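[1] turn this into a structure:
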Amino acid sequence: MNNTDTEQLKQQLKQQIVTFLNLINVKPEDIKDDEPLFGSGLGLDSIDSLELIVLLSREYGINIQDPKEGRKVLVDINTIADYIQKHRTK
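    Numbers count the residues shown, from 1 in each chain. Alright, predicted model coming up:
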């Protein structure tokens, strides 16, 4: 994938996260590519992480079974986009 594709994927991910997690007070453009999604960053919780795993499965054909792998993938938009580019099946 080239840079344009990567940027489009990141924008798509931000939109999907806002929509799928029903983040009422967050706009896609508010989410920085390197902002932590959990904890002090966007402030998502463990329920959100499960929903993100469902999102990745449904939209990109990515199945994350191991919680340790999930913690490595669901760090920020950059790491999710990178993982999708390497593992997507859809």
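[2] so what does the strand or helix carrying residue 5 touch, helix or strand wise?
    Under the criterion of DSSP states H and E, residue 5 resides in helix 3-20. Secondary-structure packing of helix 3-20 (3 or more C-beta pairs under 8 Å, 6 or more residues apart in numbering; DSSP states H and E): helix 46-60, helix 77-87. In this view, the C-beta of every residue, glycine as well, is placed from N, C-alpha and C.
[3] ok now whatever helix or strand comes next after the longest one, how far from the chain's centre?
    Read it as helix 46-60. Counting by DSSP H and E, the next helix or strand C-terminal to helix 46-60 is helix 67-73. Relative to its parent chain, helix 67-73 has a centroid offset of 12 Å by C-alpha atoms, centre = their mean, to the nearest Å.
[4] what is the rounded mean pLDDT of helix 67-73?
    What helix 67-73 shows for mean pLDDT is 91.
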